[in-house]
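Engineer: Predicted structure and sequence below. I'll ask about it afterward.
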Amino acid sequence: MFGFRSPKEQDLVIQLALKQIEKMLQEMSSEGKDLRQLKLKKFQKTHHATCRCQQCQDAKKKNDPRSRGLQEYGFKVYVGEGA
């Protein structure tokens, strides 16, 4: 999945991520947000459009913004207005 050497490493990362997600959801709940309307969306953040690195210049030449270098990955949480 992330290029780990063993399934044990992968399980450890997943457990740590789940703990962080649980903590974030508890904080949102304590702030009074209605979590019944919760939506998670994956995202990948690439280099900025004005970046001048070699990889971004090649992406511009090929007219393929998806080939820009990956900076981070994660998820965004959206909470809708509850009734």
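Structural biologist: Yep, it's here.

Engineer: my read: Ser29 touches Leu35, true?
Structural biologist: Yes. The pair Ser29 / Leu35 is scored as a contact, 5.9 Å apart, by Cβ atoms under 8 Å. For every residue, glycine as well, the C-beta is placed using N, CA and C.

Engineer: quick one: average pLDDT of stretch 9-16?
Structural biologist: For stretch 9-16, mean pLDDT is 85.

Engineer: Also stretch 70-83?
Structural biologist: pLDDT averaged over stretch 70-83 gives 66.

Engineer: Quick check on the closest residue to Cys53 other than its chain neighbours: phi, psi?
Structural biologist: Once flanking residues are discounted, Cys53 sits nearest to His47: 6.6 Å by Cβ to Cβ, 6 or more residues apart in numbering. Here is the backbone geometry of His47 (degrees, to the nearest 10): phi -60, psi 150.

Engineer: Count the neighbours of His47 for me.
Structural biologist: The local packing of His47 (other Cβ atoms under 10 Å) involves 16 other residues.

Engineer: Adjust the sequence numbering to begin at 54 for everything that follows.
Structural biologist: Renumbered: residue one is now 54, and that last one reads His100.

Engineer: From Gln79, how far off is it?
Structural biologist: As judged by Cβ to Cβ, to the nearest Å, His100 and Gln79 stand 34 Å apart.

Engineer: ok, now which ones touch the most centrally placed residue in the chain?
Structural biologist: By Cα atoms, centre = their mean, the chain has its centre lying nearest to Gly127, at 1.1 Å. Neighbour list for Gly127: 95-96 [criterion: Cβ atoms under 8 Å, 6 or more residues apart in numbering].
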